[in-house]
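**Student:** The sequence and its predicted three-dimensional model are supplied below.
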Amino acid sequence: MLDCRIPRYKVLRDADECIHCNLCVRECANEVHYLSKKTGALKADSMKCVNCQRCTVLCPARALAIGNWPQVDCGSAAWNLPTMADIATQSQTGGVLLASMGNPKPYHIYWEHLLLNASQVTNPSIDPLREPMETRVLLGSRPAHLRVNERARTLAEPLPPQLKLDVPILFAAMSFGSVSLNTQKALALAARELGTYFNCGEGGLHRDLEPFGEHAIVQVASGRFGVDPYYLNAGAAIEIKIGQGAKPGIGGHLPGEKINAEVSRTRMIPEGTDAISPAPHHDIYSIEDLRQLVFSLKEATGYRKPVAVKVAAVHNVAAIASGMARAGADIIVIDGFRGGTGAAPKRIRDNVGIPIELALAAVDERLRQEGIRSTVSLVASGTIRNSADVVRAVALGADAVSIGSAALVAMGCHQCGDCSSGRCNWGIATQRPDLTARLNPDQAAERVVNLVRGWNREIQEMMGGMGINAIDSLRGNRLMLRGVGLNEKELEILGVKYAGE
Amino acid sequence: MNHPDPSPSNTGGIPNRTPGHACAHRGASSRPHIASRRNTGQHPRAPREGDVRIPSGCAIAAIMDRSGKRHDGSDILRSIALMHDRSNGLGGGFAAYGIYPEYASLYAFHIMYEHDQARRETEAYLDTFFMSEKQERIPTQPVASIKNPPDIWRYFAAPHPMRLAASGLDEAEYAMEHVFHINSAIDGAFVASSGKNMGVFKGVGYPEDIGEFYRITDYAGWAWTAHGRFPTNTPGWWGGAHPFTLLNWSVVHNGEISSYDANRRYVEQFGYDCTLQTDTEVITYLVDLLARRHGLSQELAAHIMTAPSWEAIDAMDPRDAAFETALRATYGSALVNGPFSIIVGSEEGLLALNDRLKLRALMAAEKGSMVYLASEQAAIEVVCPDAERMRAVGGGEPFVVQLDSVAKAKATAAGQVNEPRNAPLRHEVGVLPDRHLLRKEA
Amino acid sequence: MSDQTTFEREGGAGLPEHPLPSAPEVTAVTVEQNAAAQAVAEGAMAVETTSVASVTVELGTSHFREANAAVRAALEQANTVVLTEVFAQRYLGCAMKAGKRLEIHGTPGNDLACYMDGGSVEVFGSAQDQTANTMNAGSVVVHGRSGDATGYAMRGGELLIRDDAGWRAAINMKQYGDRRPMVVIGGDAGDFLGEYMAGGVVVLMGRPGSHLASGMHGGVVYLQRAHVPSNLPQGLVACDLDAEDAKVLGGLLARYDRCFAGEVRPDGTVAAAAPLEAFVALRPASSRPYAALYAS
């Protein structure tokens, strides 16, 4: 069958600068760069290029760049090149289009329409370099009110278990199998260094990561991979994964070729077989069933671990979140529709779910209307790209945020969106030993630690500007936000005033 | 709602309200308090407090006799007058405790009216839910600088016993609910205070003029607090002046808090309605929530609002750290951030508190059974030249003055676990959908 | 004669929304000297196991949190705990380890033996839904029926059900290394038996519902030749037993008989394993059923 697809990218090699070191040939797992068998000349097959930028970054002569393929489209806004390419792919395979990372479509990024406040005259800004500035967050459920013996300074009932974050940032769930063990190790090292938590995802906890248990959140998804009493008690908290922003309503499917010996051992499934997570948990067909799973996990861990429940941001997310709180979830995690993934059906990734900004605002407001916001913790994720996004998310109502893509980018990911191929040139979304060896966990951890430390300093600066010295006072403080370029309805849902109001 | 707006001027008014908006925050809208503009077609007026959030700087002062002996308002008047330059003539007021001993068991409602219609509506409402023993216009005297004052009345009343029993609320919640209703639903009426054996006298003007207007030297109380306000904008009406009150609480406050919206959205979960959008209002609700509803001591409530730093908690022994951690985890949204100094009055006495970074001034001194508090030392010395133990109230260190009788009772009481009493939220006990919201959606 | 201690507790009415994690208050402790004799008199099947030291706990309508705390406390005292008057308490046997045994009289609630890690549970009655959810190892024997999603994500151990199983039994069951879960269903099974099954063994004596073993990509389902649906899903093959099959299946059939033979079911029939010869093995043709599903 004729392959009607054309390349997306064009490899641009500056012949004057190229020193023919052939590093690009060795580095490209997609075999874009190659030496001509006939002439020995350095060539490029642009068709195979996914724009991971590995060659561009590593080229010692700075002789490489990746451009768009210069083909013009037919002039129709509807029938543009990507649309045509998708049809070509499906007409040639009959398959479900697969994609990776977050929704790339140009939907509104509401973060960019929310501006932050600063103090002028009527109250003072605070200088975080010289005055205390608290970014510690506790995650867990709390009573609406405490019963205490004030004279003895004791609690009548113990506080439910809490996670203690020194920065308001967690690492999002990424399973071993979808990412490499080195990636998870880097996140584990970074979490320990930063005083926060990584999330092992649904693929079990590799034995090398067990020493990081105090900084691990172990996940229970519908496939229950690696889930046994030891696993449940190995981390600091348990997260029930109902859904993720990139693929709401869809299960997981790790292809057999990624189930090598280590992945197999960690997931406790045979090597080479597909690892299928059903779309729903088959013990949760209703909200009261979630309560059953939450409490089965609490029973299995002696009520010593907070239980988080993660859902994708979907249309009725506010009511869902309220139900989750009432079902006993200690931490509610909402993942917006731009959240990343190792693999998802493209049409799902690009078309299902709602933006995290609106979902977060709606959830926080609903929980407050119900009078239960203070009894549960709320974590937002799905395109938290910088410290200002963190501040916005907290001001909208989040206790903390999770970052996945940003942490991967810190390690080298260039968002090419080809994770599902298993040929990640950065050693992140692959199990190929030659590729995973490219990611040094210590160095990757250092980059992630630098990133989060940098963000946290910026968060402190922004809080200080607002005259706030504890992140508790930023949480849900929507007066610190003003909208620009938003309509009335968007302002209403976000619960913010327009700039100038 | 169809009577004309009698007060087109910038003073004396009370913000217009949409009916039923007191519970609007329990519905879909997150912005419960944008008042409607009835005076369309007239010259545009500046927004009144409640329409917008108006930051303020201030002077505050308080004088209390721990023995419970009463003294008249002349000292507090002199004390606050000395700090004239800390206010700008756009708000002043006083709270006095122990001034109505003959009606000590009754709620003393001080209510301001913009017009007669408001008074008629309010009195009809009060007659339905309370049994009034006495009602009268509060005596005032003309002061040159005070223009266009509202009509100000007081009522000494007890809850209607059968209605109280049928409400399922305790007396305080019952009174509070009806005060909220009057303030939010009766156009042109505002309850300035609603405690027992206490009252608030406040308005637009310098505090010394307001004190003269209300003839506060004619009253005798065991505690007085005073407020001189420096709002950035004209608050436009008398109800917005301070002290702010709720039941027996009165709060005077200096500063602008940066945690306002976090605190507001926290207390609104418990059914409070921050219609005025002022710091003082939200601080009052926090104190009421923590101390009255959750049953914590005023000290612990203040401690929660100015929680110790995590650095300090980490350095504590594990038992103390666990206690403080639980407080911060549970009450993180009750942390008050940004500069403030407050004096909270109640039937127990006074509570003074500075923010934990000590960004505002507040001095304290004593002489015998007398305790003095003021933004500035001289405002104490002007009424008590030989005041002793003059000191600044530290950042995040609650300064508590209790009546000797209260202190004695507490000292002998056994250490007990507090028993919170949360009133059910309206949406939890309603039997029908909120018709106002249904109409809006339709 | 060993001491038999009965923990009686109050009913579950008015329990707090989030009960305390501390052990519930024991409201009455009585010592029954003749519990075993009484058990004999009542014809309870627990009699053979009460000859070793065991503790009896009456659950009544207590809340699961109290009940499980009491069960855990009792398991500290004795390796075998007899639960009487069981009414809907969830999670009994949760994460229970090897060497520990629960004998349950009544009807336990959902998630019986969830995450169980080597323990043994025997139910003298029926089980509700999600029995042996994500069980890792051990044995669950149900003298009755078990409900929906029975054996969900089981990874090891055995689950023997005398009568029927509900819908989606053995769903997403898997195996790893020497852990190979075995589910034996004496009666019929609801629809979607063995859905997404990735490993382990299912023995079905009675009839399957529709959508049998949909998405199955590992393990084996033994069912009677006469019950193999004509419209077997694509990717599944039914074949005669080989020697290994006969060994495994034969062992399970014998195990079934040891547990249940001669017991009279509610419909009047007598429990007995079907003959080995009647069975065929249902297997996935590929461990990668969806290998060609995607395009990128």
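**Tutor:** Yes, it's here.
**Student:** which residues sit against the helix or strand hosting A:Arg192?
**Tutor:** Assessed by DSSP states H and E, A:Arg192 sits inside helix A:181-194. Residues outside helix A:181-194 that contact it (Cβ atoms under 8 Å, 6 or more residues apart in numbering or on different chains): A:166-167, A:169, A:171, A:174, A:176, A:197-198, A:200, A:206, A:208-209, A:212, A:214-216, A:262, A:407-408, A:411, A:427-429, A:436-437, A:439-442, A:444-445, A:448-449, A:452-453. For every residue, glycine as well, the C-beta is placed using N, CA and C.
**Student:** Which ones among those residues map onto strands?
**Tutor:** Per DSSP state E, strands hold the following members of the contacts of helix A:181-194: A:Ile169, A:Phe171, A:Phe198, A:Ala216.
**Student:** Is there a neighbour count for residue 102? I'd like the number.
**Tutor:** By default, I'm working from chain A. 23 (other Cβ atoms under 10 Å in any protein chain shown).
**Student:** if you could check chain C rather than the one you did, that'd help
**Tutor:** The burial count for C:Leu102: 26, using other Cβ under 10 Å.
**Student:** Next, give phi and psi for the nearest residue to A:Ala99 once chain neighbours are set aside.
**Tutor:** Closest residue to A:Ala99 apart from its sequence neighbours, by Cβ to Cβ, 6 or more residues apart in numbering or on different chains: A:Lys346 at 3.8 Å. Main-chain dihedrals, A:Lys346, degrees, to the nearest 10: phi -60, psi -40.
**Student:** Surely A:Lys346 and A:Leu98 touch.
**Tutor:** Yes. In this structure, A:Lys346 is within contact of A:Leu98 by Cβ atoms under 8 Å, at 6.5 Å.
**Student:** Contacts only, for the residue of the stretch 151-296 of chain C found nearest chain B.
**Tutor:** Across the stretch 151-296 of chain C, no residue is closer to chain B than C:Ala153, which sits at 33.8 Å (Cβ to the nearest Cβ). Residues in contact with C:Ala153 (Cβ under 8 Å, 6+ apart) are A:Gly223, A:Arg224, A:Val227, A:His282, C:Asn133, C:Thr134, C:Ile171, C:Asn172, C:Met173, C:Lys174.
**Student:** Would you write a PyMOL line that selects the buried entries of the contacts of helix A:181-194?
**Tutor:** Command for PyMOL that selects the buried part of these, burial taken from 16 or more other Cβ atoms under 10 Å in any protein chain shown:
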select buried, chain A and resi 167+169+171+174+176+197+198+200+206+208+209+212+215+216+262+407+408+411+427+428+429+436+439+441+444+445+448+449+452
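**Student:** Run through the residues that contact the nearest residue to B:Glu171 once chain neighbours are set aside.
**Tutor:** Distance criterion Cβ to Cβ, 6+ apart; nearest residue to B:Glu171, sequence neighbours excluded, is B:Pro159 at 5.8 Å. In this structure, B:Pro159 makes contact with B:Tyr107, B:Phe129, B:Phe130, B:Met131, B:Glu171, B:Tyr174, B:Ala175, judged by Cβ under 8 Å, 6+ apart.
**Student:** which of the residues you listed are buried?
**Tutor:** Here, 16+ other Cβ under 10 Å leaves B:Tyr107, B:Phe129, B:Phe130, B:Tyr174, B:Ala175 buried among these.
**Student:** Let me see the backbone angles for the residue lying closest to the third one once chain neighbours are set aside.
**Tutor:** If you skip the residues right next to it in sequence, B:Phe130 has B:Ala157 as its closest partner in space, 3.9 Å away by Cβ to Cβ, 6+ apart. In this entry, B:Ala157 is assigned phi and psi values of phi -150, psi 150 (degrees, to the nearest 10).
**Student:** picking up where we left off before, roughly how far does the residue nearest to B:Glu171 sit from A:Glu501?
**Tutor:** As judged by Cβ to Cβ, to the nearest Å, B:Pro159 and A:Glu501 stand 40 Å apart.
**Student:** on that earlier part again, for the residue nearest to B:Phe130, the count of nearby residues, please.
**Tutor:** 22.
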